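Trainee: next input, structure requested:
(one chain, ligands or ions: 2)
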Amino acid sequence: MIESITVDKADAALFIENLNKTFKRGGSKTYALSGVSFAVEQGEFFGLLGPNGAGKSTLINTLAGLVKPDSGSISILNNDFKAQWRQFHMSVGIVPQEITFDPHFTVSETLRLQSGYYGLRNNSEWLNKLLENLGLTDKKDASVFSLSGGMKRRVLIAQALVHKPPVIILDEPTAGVDIELRHRLWEFMLELNSQGHTVILTTHYLEEAERLCSRVALLNKGKLVALDETQKLLQQFSKERIKFALPPGTDISKIPFDIKPLANHFYAVENHNPYTLRQLLNFLNEHGLQPDGLELGKANLEEVFLSLTK
Ligand SMILES: Nc1ncnc2c1ncn2[C@@H]1O[C@H](COP(=O)(O)OP(=O)(O)OP(=O)(O)O)[C@@H](O)[C@H]1O
Ligand SMILES: [Mg+2]
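Mentor: Residues are numbered from 1 along each chain as shown. Ligands and ions are numbered 1, 2, ... in the order given. Okay, here's the model as predicted:
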């Protein structure tokens, strides 16, 4: 049983209860979200992880009003997404995964238009700060159409933040951006979080989740399969273990150890005692198997993730 609700609805930054979404196409049905419930506390830096197709974007697009759920309820800062939709949308800034813009406008115009949507004028000081923090100042008069993918993503982030929302939700904010910008975005998101904004993001970079998020939820095939403090999740799986690679196609069922496959032909042997390493090496040697990249240590988030979604 996952303890996914740890805060009262009235106090939560985000509160999701029994959210369901099925996509029907032709004769087939996809259960994109199945009974998803969890809460994020105010001020948290929270990560939503999961493999391709897990349902992360469906969840975020539901929050953005782009996808209509079959059932379930959502509230942000105690504003219900149906009953108090206006306050709901004022409370949250959402950066979608897909990049879509009206190509006719410049970066500045895009941000001013978005501000107008929230009824905001005279917020140029904040808009300039956003441009500055996202490294967009010298692009502010360029048409959005002419920007590179990484630059467009920065504009998407600025656009979601024009109304200084207390809750910020980003769907893969650093996908396809270079290392320098990724680090800059990390700093910016941490700064926003330290100023009291709740930040929720999805990412495929587990290093990013490990670094930034104090708690992470793991979705797999539309279901919540884990939710815990990042460190606890790691500890739970961080038994000392022997890690090594074997040639592709090796039949590991014949290896008489508690052996688990990881990614890229790597394997892990857990629960070992001081003799296990020598016994393992002897066995592999006797069977003509040459282990590669041998390592002793603890599991990282990548391995936790793989073992929970396998
Ligand atoms: N508009 C749609 N019509 C039909 N199926 C959809 C639609 N949107 C999403 N799906 C399906 O719902 C499931 C969840 O997709 P979703 O985009 O939420 O995954 P994700 O976790 O964001 O994956 P990724 O990491 O690749 O971004 C997938 O099986 C996807 O094919
Ligand atoms: Mg997605």
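Trainee: now residue 224, nearest residue through space, not along the chain?
Mentor: What sits nearest to residue 224 in space, not counting adjacent residues and going by Cβ to Cβ, 6 or more residues apart in numbering, is residue 36, at 5.4 Å. Every residue, glycine included, has its C-beta placed from N, CA and C.
Trainee: name the residues that touch stretch 166-176?
Mentor: Applying Cβ atoms under 8 Å, 6 or more residues apart in numbering, the contact partners of stretch 166-176 are 13-14, 42, 56-57, 60, 63, 76-77, 91-97, 149-150, 153, 157, 160-161, 181-182, 185-186, 189, 192, 196-205, 208.
Trainee: endpoints of that stretch, how far apart?
Mentor: Across its full length, stretch 166-176 reaches 26 Å between end residues, using Cα to Cα, to the nearest Å.
Trainee: could you list the buried residues of the longest helix seen in the chain?
Mentor: Counting residues, the longest helix found in the chain (DSSP state H) is helix 179-194. Using 16 or more other Cβ atoms under 10 Å as the test for burial, helix 179-194 gives 181, 182, 184, 185, 188, 189, 192, 193.
Trainee: give me the distance between the residue of the stretch 201-310 of the chain found nearest ligand 2 and residue 166.
Mentor: With Cβ to the ion, the shortest gap between the stretch 201-310 of the chain and ligand 2 falls at residue 202, namely 6.5 Å. Residue 202 is 19 Å from residue 166, where distance means Cβ to Cβ, to the nearest Å.
Trainee: swap in residue 283?
Mentor: Distance from residue 283 to residue 166, counting by Cβ to Cβ: 57 Å.
Trainee: quick check: residue 143 touching residue 103?
Mentor: Yes. The pair residue 143 and residue 103 qualifies as a contact (Cβ atoms under 8 Å) at a distance of 6.7 Å.
Trainee: between these two, who's got more neighbours?
Mentor: residue 143 (16 against 9; other Cβ atoms under 10 Å).
Trainee: so where is the stretch 151-300 of the chain shaky, pLDDT-wise?
Mentor: The model of the stretch 151-300 of the chain has pLDDT under 70 over residues 235-239, 271-274, 298-300.
Trainee: what segments of it are strands?
Mentor: For the stretch 151-300 of the chain, the strands defined by DSSP state E, counting those that start in this stretch cover 167-171, 198-202, 215-220, 223-229, 241-245, 259-261, 266-270, 292-297.
Trainee: so residue 95 versus ligand 1, what's the distance?
Mentor: According to Cβ to the nearest ligand atom, to the nearest Å, residue 95 and ligand 1 sit 13 Å apart.
Trainee: how about the contacts made by that residue?
Mentor: 156, 157, 159, 160, 168, 169, 170, 171, 173.
Trainee: pick out the residue closest to the middle of the chain.
Mentor: residue 202 (1.7 Å; Cα atoms, centre = their mean).
Trainee: pretty sure that residue contacts residue 46?
Mentor: No. The pair residue 202 and residue 46 does not pass the contact test of Cβ under 8 Å, sitting 10.1 Å apart.
Trainee: any idea how far apart the tips of stretch 197-216 sit?
Mentor: Terminal-residue distance, stretch 197-216 (Cα to Cα): 17 Å.
Trainee: mind listing what's buried along it?
Mentor: Using 16+ other Cβ under 10 Å as the test for burial, stretch 197-216 gives 197-203, 206, 208-210, 212-213, 215-216.
Trainee: ok, residue 115 - contacts?
Mentor: When contacts are counted by Cβ under 8 Å, 6+ apart, residue 115 is found next to 121, 123, 127, 162, 163.
Trainee: quick one: it is in a helix?
Mentor: Yes. Assessed with DSSP: H, G, I helix; E, B strand; the rest coil, residue 115 lies in a helix.
Trainee: could you check how far it is from residue 287?
Mentor: Separation of residue 115 from residue 287 (Cβ to Cβ): 67 Å.
Trainee: could you do residue 140 as well?
Mentor: In terms of Cβ to Cβ, residue 140 sits 64 Å off from residue 287.
Trainee: residue 10 too?
Mentor: To residue 287, residue 10 is 62 Å away according to Cβ to Cβ.
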